[in-house]
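Asks: Here is my input; please provide its structure:
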Amino acid sequence: MVEPRYEELFTLVQSELRRSGFEDMIPAGIVITGGSSTMEGVVELAEEIFHMPVRLACPQAVSGMTEVVNNPIYATGVGLLIHGFRQMDLGRAPVLKGEDAPSLFERMKAWFTGQF
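Replies: Residues are numbered from 1 along each chain as shown. This is a model prediction of the structure:
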């Protein structure tokens, strides 16, 4: 039941790569990550569909809790944190200040309300 969805997803990605003209610009292969990428046979299926090397990636350049976050499941979260820190270093990250800024609880509540 899951394999056809993966096949459909990889086929859609391949079609988009072809449509955009980027397919020939991937000489080293495809990198997949995330929780569902750890399912058995996903890398092999992707190699079969893309006709190029595919590898599973874990977060890199992380210090501290490496034994915890060194897992493809955490790649998106770690990547977003690294991106946010870099934006802060460049002075590009939005900073909410003052009485009009919503609290963390209010922002989380709004996010959950929007999700459900």
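
Asks: All the helices of this protein, residue numbers only.
Replies: With helices called from DSSP state H, the chain shows them at 2-20, 42-50, 66-69, 75-89, 104-115.

Asks: State the phi and psi torsions of the closest residue to Ala28 other than its chain neighbours.
Replies: Closest residue in space to Ala28, ignoring its immediate chain neighbours: Pro53 at 7.2 Å, by CB to CB, 6 or more residues apart in numbering. Just so you know, the C-beta spots here come from the backbone N, C-alpha and C atoms, and that holds for glycine as well. Backbone dihedrals for Pro53, given as degrees, to the nearest 10, come out at phi -60, psi 140.

Asks: show me what contacts the residue nearest in space to the middle of the chain?
Replies: Against the mean C-alpha coordinate of the chain, by CA atoms, centre = their mean, the closest residue is Thr76 at 4.0 Å. Contact analysis of Thr76 by CB atoms under 8 Å, 6 or more residues apart in numbering lists Thr33, Gly34.

Asks: Appreciated, that's everything.
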